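>>> Using only what follows, build the 3D model:
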Amino acid sequence: MIKDTVNFTKMWLFGHAQSNNPTIMLTLKNNWMKQALLEARKALADNEVPVGAVVVKDDQLLGRGYNRTQALTDPTAHAEILAITSACQTLNSEHLKGADIYVTLEPCAMCAGAIVLARISRLYFAVHDLKTGACGSVFDIVREPRLNHTVEVYSGIYADESEQLLKDFFERLRNNTIVECGYS
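Got it, this is the predicted structure:
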């Protein structure tokens, strides 16, 4: 069963943006998820599972990434890992305290662990992953109270668009139209 996440439309009650105007705050969050969707579309164009991520702090983009596991022959080259690595390099720090991460699909256990280790404050994701999601669906690593850091979680931003990208990818995979990247 999916652990409760805060519905994105109610997020403004918590005051995490620089404005107290809910419309402005929703617009800011939507814009960053749109950037994550652009990253996911890059993955789809490269015949990778279409997941994109961006890391933001104080409304400044710190890092971005999209799934590149096939291209890099690296099972850890998930969008979140690449975005976190880029953000850490931007700040020249292993910790991203006060930063937000926007992801088009609920992070897996590896990525959830990286989010905790990087000390990211808030996670916004579009679609729940009922098979491998580790932020409320299957596990809840980012809110595990026994760990040294917990993350606020918000879901549902651009869920339809993100879900459609995933459906398109897996339909192509089922129809054997993805062959050059190792999925056939």
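
>>> And the next helix or strand past the longest helix seen in the chain?
When the chain is scanned for its longest helix (criterion: DSSP state H), the result is helix 22-45. As assigned by DSSP states H and E, the chain's next helix or strand after helix 22-45 is strand 52-57.

>>> Give the full set of residues in contact with Gln89.
With contact set as Cβ atoms under 8 Å, 6 or more residues apart in numbering, Gln89 has these partners: Gly63. Every C-beta, even on glycine, is put in place using the N, C-alpha and C of the backbone.

>>> Report the separation between it and Val55.
Going from Gln89 to Val55 by Cβ to Cβ, to the nearest Å gives 11 Å.

>>> shared neighbours of the two, anything?
Gly63.

>>> Report the residue spans of the protein with pLDDT below the cut-off.
1-28, 177-184 (pLDDT under 70).

>>> And the strands in it?
Ranges of strands in the chain, per DSSP state E, are 6-7, 52-57, 60-66, 100-105, 122-127, 152-155.

>>> What strands flank the fourth one, and is each parallel or antiparallel?
Yep, that's strand 100-105 we're talking about. With DSSP bridges as the test, strand 100-105 is paired with strand 52-57 (antiparallel), strand 122-127 (parallel).

>>> quick one: contacts of that strand?
16, 29, 32-33, 35-37, 39-40, 50-57, 79-80, 83-84, 111, 115, 120-127, 129, 133, 157-158, 162, 165-166.
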